[in-house]
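1. dropping the sequence and predicted coords here.
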2 protein chains.
Amino acid sequence: MDIADLAERISKGERRGLARGITLVESARADHRVMATELLSLLPQERRALRIGLSGTPGVGKSTFIESFGMMLTAAGLRVAVLAVDPSSARSGGSILGDKTRMDRLSRDPLAFIRPSPSQTHLGGVARRTREAVALCEGAGFDVVLIETVGVGQSETVVAQMSDLFLLLLAPAGGDELQGVKRGIMEMADLILVNKADGDLKPAAMRTRADYAGALRLLRKRPQDPEGFPQAMTVSALEEAGLQDAWATMQELHDWRKEHGHFDRARSLQAQYWFEQDVRAALLAQLEAPVAKAAMKDLGRAVTQGRMDPAVAAQQMLHMLGRS
Amino acid sequence: MDIADLAERISKGERRGLARGITLVESARADHRVMATELLSLLPQERRALRIGLSGTPGVGKSTFIESFGMMLTAAGLRVAVLAVDPSSARSGGSILGDKTRMDRLSRDPLAFIRPSPSQTHLGGVARRTREAVALCEGAGFDVVLIETVGVGQSETVVAQMSDLFLLLLAPAGGDELQGVKRGIMEMADLILVNKADGDLKPAAMRTRADYAGALRLLRKRPQDPEGFPQAMTVSALEEAGLQDAWATMQELHDWRKEHGHFDRARSLQAQYWFEQDVRAALLAQLEAPVAKAAMKDLGRAVTQGRMDPAVAAQQMLHMLGRS
């Protein structure tokens, strides 16, 4: 594979090149990893998309929202990439964004690019690959990169670690309950969007929005927020209502953060985070090689049978890895 | 240092040798680590102390309990070692067990051995060193090893990972509140001891015991427990009351677990856990060397300034470490 050529094609915004590049960063093969980092190093580093993280549990209408919101952006001439972080996809076989027919119009839009979550058995792997896919989309000159995740475990946290804005999509709640959204997730949100504000559900959506607006006001003020943020708004992805307002609000927040240095600071911290994560993961990946796995198993047996102290076995393992 | 000679001395139960061995396992120096693992490999692997983890927040009378309980054990002819896991000691300068005068009689008892928590900046380091100190005490032929910890963060979890029995020491509560003991801690406890069941506090202690007995019954049954466990009991460390009963209860549970294979199984899982932890920690420790730290800083700067992709910087870092 000619990496310089691939980088060139991606830089020009060529979709097939981008798809091929993402396949490369998703691969766990050692030679592919070398090529993937070479590819990343050859892309224009100065391009900056607006990275939007989007979390929402199944049933809130996430696909419909992405389709409507994405179409609105492409109608404004913006190029939109949609990626996903879904650690469950490897287990369940199914995957969010796996079924492009759920985003029928957007997937056929020449200004849009949709890519399902990589299949990996653990969140760390999914996260790292998706972070690199975001970098490729940015290098390909996309204006907006949407990173979707479902509300499971730590996946919101890793998506927030690669996003400039973090949206929480909710459905109208029955009564005044706050849908069991964890405080930690609430604290990450820059914008809460209550979807399905249409038809019979409209009053419930408005009530839910007010409940969340109240809850957001109770949270501690964050330095990266101007007055009045984070906000809660209603949208109807189905009727394509409220999307322009939501987009205007995102831009307002994004512009303020850029102007006040919060955008650059957040990007720096995120880059540092991924750098350290990558180094740690690569060091620990030595244990995944077949010969290392076999040695871990043998030494583990000696340890569990009480024939060897754990520290002694660990020393032998490191010796085998050539580390001591 | 003659490690074979030191191992010999420890195996004979010589206290000064044991103290010296623990100092060795606590050291972070690379040459000391090699000697420490050699020492661990030379100790008799078949000796088994009863390892008792003990957690309790400041103010519940932990020192007094350890002194009274320890004295009761030594009076029965048992040799008792007391260790501590206290991740806060490095920060605060002070340390649990640091002040032996709080255990005046026990510290002068020839059948007892008391050692304060190693000073380390992070829990992982404290935990690993203490786990190895437990192994040394076991090799030195102690019958009971008490591992004390304060109720901060994850320290109970790591103590439970090196204990056969896990005790939770509590003070009598005012009213019927459950002292904010986290559910996770409750689920680890084999025996809850409500201390200070003496004088004016006796009725409150009995009420608190009943509350906890009720709370324990609501937890899911664990395979490692016979009927009626985990239990809640009252003790008075000050009046040395209830300690014999508590000890009899611990022995009953311990005997049952030994007989039904739970003791061996738990020890195996713990050994495997520490083996894997040791390997991972050693791999990541490469990043702590001065030259590695400097490289991490330089590459980190290129990354935070947006000049280099995190994955590319990580690759260069691994290259520098000789890993790719």
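-> Received the coordinates, thanks. Numbering: from 1, shown residues only, chains lettered A, B, ... in the order given.
2. residue boundaries of the helices in the stretch 101-250 of chain A?
-> A:104-108, A:123-139, A:155-160, A:183-188, A:202-218, A:243-259 (DSSP state H, counting those that start in this stretch).
3. ok, and what's touching the fifth one?
-> Yep, that's helix A:202-218 we're talking about. The contact list for helix A:202-218, computed with CB atoms under 8 Å, 6 or more residues apart in numbering or on different chains, reads A:170-174, A:176, A:178-179, A:186, A:189, A:192, A:194-198, A:230-234. In this view, the C-beta of every residue, glycine as well, is placed from N, C-alpha and C.
4. check these for burial and list the buried ones.
-> Buried by 16 or more other CB atoms under 10 Å in any protein chain shown: A:170-173, A:179, A:186, A:189, A:192, A:194-198, A:230-234, out of the contacts of helix A:202-218.
5. tell me the contacts of the residue in the stretch 151-300 of chain A that chain B sits nearest to?
-> Relative to chain B, the nearest point of the stretch 151-300 of chain A is A:Asp278 (3.4 Å; CB to the nearest CB). Residues near A:Asp278 by CB under 8 Å, 6+ apart: A:128, B:310-311, B:313-314.
6. which helix or strand contains it?
-> Here A:Asp278 is covered by helix A:262-285, with elements defined by DSSP states H and E.
7. next, the buried residues of the very next helix or strand once past that helix.
-> Per DSSP H and E, the first helix or strand lying C-terminal to helix A:262-285 is helix A:290-304. For helix A:290-304, a neighbour-count test (16+ other CB under 10 Å) marks A:292, A:295-296, A:299-300, A:302-304 as buried.
8. again, but for stretch A:66-76
-> Result for stretch A:66-76 [16+ other CB under 10 Å]: buried residues A:66-74.
9. ok, of the residues you listed, which one's closest to B:His262?
-> A:Ile66 (50.4 Å; CB to CB).
10. who's in contact with the helix or strand hosting the closest one?
-> Take DSSP H and E as the rule and A:Ile66 turns out to sit in helix A:62-75. Helix A:62-75 is contacted by residues A:54, A:56, A:80, A:82, A:96-97, A:102-106, A:109, A:111-112, A:143-144, A:146, A:148, A:169, A:193, A:195, A:235, A:237-238, A:240, A:243-244, A:246-247 when judged by CB under 8 Å, 6+ apart.
11. just the buried residues of the residues you listed.
-> Applying 16+ other CB under 10 Å to the contacts of helix A:62-75 flags A:54, A:56, A:80, A:82, A:96-97, A:102-103, A:106, A:109, A:111-112, A:143-144, A:146, A:148, A:169, A:193, A:195, A:235, A:237, A:240, A:243, A:246-247 as buried.
12. of the residues you listed, which are in range of chain B?
-> Of the residues in the buried ones among the contacts of helix A:62-75, proximity to chain B by CB under 8 Å from any CB of the partner chain holds for none.
13. A:Arg307 in helix, strand or coil?
-> coil (DSSP: H, G, I helix; E, B strand; the rest coil).
14. how about it, nearest residue that isn't a chain neighbour?
-> B:Gln45 (6.3 Å; CB to CB, 6 or more residues apart in numbering or on different chains).
15. how about A:Met162?
-> The shortest distance from A:Met162 to any non-neighbouring residue, by CB to CB, 6+ apart, is to A:Arg131 (4.8 Å).
16. okay, and the helix or strand of chain A with the least pLDDT?
-> Every helix and strand in chain A was compared by mean pLDDT, DSSP states H and E; the lowest is helix A:89-92, with a mean of 52.
17. show me what contacts A:Ile147?
-> A:51-54, A:83-85, A:130, A:134, A:159, A:162-163.
18. how is chain A divided into domains?
-> Using automatic domain parsing, the domain ranges for chain A come out as A:1-43, A:44-260.
19. checking my notes, A:Asp5 in a strand, right?
-> No. A:Asp5: not assigned to a strand; according to three-state DSSP it is helix.
20. mind showing which ranges of the stretch 151-300 of chain A have poor pLDDT?
-> A:151-153, A:174-180 (pLDDT under 70).
21. swap in 50 and give it another go.
-> Within the stretch 151-300 of chain A, no stretch falls below the threshold (pLDDT under 50).
22. which residue is nearest the middle of chain A?
-> A:Val159 (3.5 Å; CA atoms, centre = their mean).
23. that residue touches A:Asp86, doesn't it?
-> No. Counting by CB atoms under 8 Å, A:Asp86 is not a contact partner of A:Val159; they are 10.3 Å apart.
24. shared neighbours of these two, anything?
-> Joint contacts of A:Val159 and A:Asp86 (CB under 8 Å, 6+ apart) are A:Thr149.
25. list of residues touching stretch A:232-246?
-> A:61, A:64-65, A:67-69, A:71-72, A:191-198, A:202, A:205-206, A:209-210, A:212-213, A:216, A:249.
26. same thing but at 7 Å, please
-> Here stretch A:232-246 makes contact (CB atoms under 7 Å, 6 or more residues apart in numbering or on different chains) with A:61, A:64-65, A:68-69, A:72, A:191-198, A:205-206, A:209, A:212-213, A:216, A:249.
27. which bits of the stretch 151-300 of chain A sit near chain B?
-> A:267-268, A:271-272, A:274-275, A:278-280, A:282-284, A:286-287, A:299-300 (CB under 7 Å from any CB of the partner chain).
28. can you tell me how far the residue nearest to A:Met162 is from A:Leu168?
-> Counting by CB to CB, to the nearest Å, the gap from A:Arg131 to A:Leu168 is 20 Å.
29. any regions of the stretch 1-150 of chain A where pLDDT drops low?
-> In the stretch 1-150 of chain A, residues with pLDDT under 50: A:91, A:93.
30. picking up where we left off before, just the contacts of helix A:202-218: which are in strands?
-> A:170, A:192, A:194, A:231-234 (DSSP state E).
31. neighbours of A:Arg220, how many?
-> 5 (other CB atoms under 10 Å in any protein chain shown).
32. again with A:Asp164
-> A:Asp164, neighbours per other CB under 10 Å, totals 24.
33. after the helix holding A:Ile66, which helix or strand is next? Please name it.
-> Downstream of helix A:62-75 (by DSSP H and E), the next one is strand A:80-85.
34. who does that following strand pair up with?
-> strand A:112-114 (parallel), strand A:144-149 (parallel) (DSSP bridges).
35. how about a markdown table for these, with distance to B:Gln154 added?
-> Below are those laid out as a markdown table (distance: least, CB to CB, whole Å):
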| stretch | distance to B:Gln154 |
| --- | --- |
| strand A:112-114 | 40 |
| strand A:144-149 | 26 |
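36. any idea which of these gets closest to B:Ala30?
-> strand A:144-149 (41.9 Å).
37. convert the C-alpha atoms of that closest one to PDB, please.
-> What follows is strand A:144-149, C-alpha atoms only, in PDB (Å, rounded to 0.1, in the frame of the first residue of the first chain):
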ATOM      1  CA  VAL A 144     -18.300  18.600  11.100                       C
ATOM      2  CA  VAL A 145     -17.600  15.200  12.600                       C
ATOM      3  CA  LEU A 146     -20.400  13.700  14.600                       C
ATOM      4  CA  ILE A 147     -19.400  10.900  17.000                       C
ATOM      5  CA  GLU A 148     -22.300   8.900  18.200                       C
ATOM      6  CA  THR A 149     -22.400   6.600  21.200                       C
END
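38. now the angle between helix A:243-259 and that strand, please.
-> 100 degrees (axes from the mean of the first three to the mean of the last three CA atoms, to 10 degrees).
39. and strand A:144-149, how far out from the chain's middle?
-> Remark: strand A:144-149 is offset 6 Å from the chain centroid, using CA atoms, centre = their mean, to the nearest Å.
40. tell me what angle it forms with helix A:62-75.
-> 180 degrees.
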